[in-house]
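In: Sequence first, predicted coordinates after that:
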Amino acid sequence: PMLDRINIPGIDRADVDRAPFIRMAFITLLLVTVGLLFIVIELNTDLDHLKLKILSGPERGYFHQLGEQLATDAKKHKGKLINVATGGTHDNLQELRVADAKGGVRFALMPAGIKYPDPGRYQLVARIPKPLTFFFIGRSANGYRYLADLKNAHIGIGPRGSGNAQIANYLLGGKDLEGLNLRLSYFSLKKQVEKLRQGNIDAAVFLTSLDNPLIVEALRSGLEIISFANPEAIIKRKPAFHLEKVYTGQFDHVNLLPKHDKTVFTVESLLVTNQGAPRADIVVLLNLLNRAYPDFIDYNRSQMQSAGLPKARDLRDFLEHGGPNVLDEFAPSLVSVMPPANMFHYVLVISLLMNGLGICNRIRLWQIDKTRAALEQRIIQCFGENLSLAEIKDLSSKASKIDDGNRDQINDCLLYTSPSPRDH
């Protein structure tokens, strides 16, 4: 029929024939997208997507105990955090370097103040609101009022490669103290207490928790905490240190241990990762720390001092939002694939694309409407106003009865609507 041959500008007959298939494909894509959203969206706020390992330190050491505590906290929230015992801080750095190249454990507990061989390969995830205490213990505390009093002293600094040894070197191993001719030796913490009792060493460094029973045992055996008379001057030179006071009788009220107020140093506990750690892993650990320590956000906001490492971008975002954002909370898998900043850009691009498609569609509709109005006028000119659509379609069976004048008018209509000569 003649009307089936009409080609309206803006509409391709092939497109019309394919329309049902396109519609079906669009509906299928929409259903798949909705299904994927249901998969990645988590309606509960548990940490069941936490499945990580963390490098801590030697068993029965401070960081290993901290790692065990975090693993227990993760289990309470249906997460799984495996505490991996290591030889100490040096081993942790080695493992992080290997993980950066080959994948593997990407998080480690570290003390502040250590030297990183290549700081650009690591990033600071968070400061944990549970600092370590730096005890300087000797047989006669009154004999050491200033660092200069340690001249020619034999000092135990903890196991080789440990955070204890590295922080001891941070304080005592600088070039400014070379004139003191210090003799630094590596021993286990328990061995240091024995050597102090036996008089084999003059002093020892213990980087541990404030309430470590080993410190109480050392004090009860007659050893004393060394408290320097000018701690403020020391932390000016060593900014990783902070000051804390230990009060008379704090460890033992009956025997008054210590017997006098003491000023000791503290060092921050850090969670460190390499540059390859995924965003979702960093955020879920921040979420765990935020739940384990109620003052976590305020503590990290207040500690503006650099730890010698670049801060993870996800830490800054976490602190700015006062916790995880909605996507990190309910769609961690999606955020791991596409960070929120990139997601915003994609949404903006899609929005602009949809607006562009809307404008193109309006132009096509305008072309169709313009052609329809012009075609109506042509049809009226060809067939008059009294023929119905059915009657016009029936003219194809009576083409031989159409006179030459009307045939020319019909051809004019077809020429107007059909760009291809073979359609005429």
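Out: Looks like it came in fine.

In: Residue 199 - how many residues pack around it?
Out: Other residues near residue 199 come to 8 when the count uses other C-beta atoms under 10 Å. All C-beta spots, glycine's among them, are computed from the backbone N, C-alpha and C.

In: buried stuff in stretch 371-378?
Out: For stretch 371-378, a neighbour-count test (16 or more other C-beta atoms under 10 Å) marks 371, 375, 378 as buried.

In: As a markdown table, those residues with pLDDT would be great.
Out: As requested, these are arranged in a markdown table below (pLDDT from 0 to 100):
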| residue | pLDDT |
| --- | --- |
| 371 | 76 |
| 375 | 72 |
| 378 | 71 |
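
In: Which of those residues sits closest to residue 136?
Out: When the buried residues of stretch 371-378 are compared for distance to residue 136 (C-beta to C-beta), residue 371 comes out closest, at 92.6 Å.

In: Check the secondary structure at that closest one for me.
Out: helix (DSSP: H, G, I helix; E, B strand; the rest coil).

In: For residue 248, grab the count of nearby residues.
Out: When neighbours are counted by other C-beta under 10 Å, residue 248 registers 13.

In: which residues touch it?
Out: 256, 258, 259, 260, 261 (C-beta atoms under 8 Å, 6 or more residues apart in numbering).

In: Show me which of those is closest to residue 57.
Out: Using C-beta to C-beta, these come closest to residue 57 at residue 258, 26.7 Å.

In: And the closest one, how close does it get to residue 153?
Out: When C-beta to C-beta, to the nearest Å is the yardstick, residue 258 and residue 153 sit 21 Å from each other.

In: of these two, who's got more company?
Out: Neighbour tally, residue 258 and residue 153, criterion other C-beta under 10 Å: the higher count belongs to residue 258, 21 against 18.

In: The more buried one and residue 224 touch, don't they?
Out: Yes: in this structure, residue 258 sits in contact with residue 224. The criterion is C-beta atoms under 8 Å, and the distance is 7.1 Å.

In: low-scoring pLDDT stretches of the chain, where are they?
Out: When residues are selected by pLDDT under 70, those of the chain lie in 1-23, 26, 31-45, 304-306, 325-349, 379, 381-424.

In: which element follows the strand of greatest length in it toward the C-terminus?
Out: With DSSP state E setting the assignment, residue counts place strand 122-138 as the longest strand in the chain. Sequence order places strand 154-156 as the next helix or strand after strand 122-138, per DSSP states H and E.

In: Quick check: can you name the pairing partners of that next one and their directions?
Out: Using DSSP bridges, strand 154-156 pairs in its sheet with strand 183-185 (parallel), strand 203-208 (parallel).

In: ok, back up a step: hmm, which two among the contacts of residue 248 are most spread apart?
Out: Every pair in the contacts of residue 248 was compared (C-beta to C-beta); the two farthest apart turn out to be 256 and 261, at 11.2 Å.

In: circling back to that earlier point, for residue 109, find the nearest of the strands paired with strand 154-156.
Out: Among the strands paired with strand 154-156, the nearest to residue 109 by C-beta to C-beta is strand 203-208 (12.5 Å).

In: Can you list the neighbours in contact with the closest one?
Out: Applying C-beta under 8 Å, 6+ apart, the set of residues contacting strand 203-208 is 61-62, 111, 132-138, 144, 150, 153, 155-158, 163-164, 167-168, 171-172, 187, 189, 192-193, 195-196, 212, 214-215, 226, 267.

In: relative orientation of it and strand 122-138 in degrees?
Out: Put simply, strand 203-208 runs at 140 degrees to strand 122-138, going by axes from the mean of the first three to the mean of the last three C-alpha atoms, to 10 degrees.

In: then strand 203-208 to CSV, C-alphas only?
Out: Extracted as CSV, the C-alpha positions of strand 203-208 are listed here (Å, rounded to 0.1, in the frame of the first residue of the first chain):
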residue,chain,number,x,y,z
ALA,A,203,70.0,0.9,81.7
ALA,A,204,67.4,-0.5,79.4
VAL,A,205,64.7,0.8,77.1
PHE,A,206,61.2,-0.7,77.1
LEU,A,207,58.6,0.3,74.5
THR,A,208,55.4,-1.2,75.8
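
In: about what we covered before: ok, the contacts of residue 248 vs residue 351, which is closest?
Out: When the contacts of residue 248 are compared for distance to residue 351, the smallest value, 64.4 Å, is given by residue 261; criterion: C-beta to C-beta.

In: how many other residues sit next to that closest one?
Out: Using other C-beta under 10 Å, the number of residues around residue 261 comes to 12.
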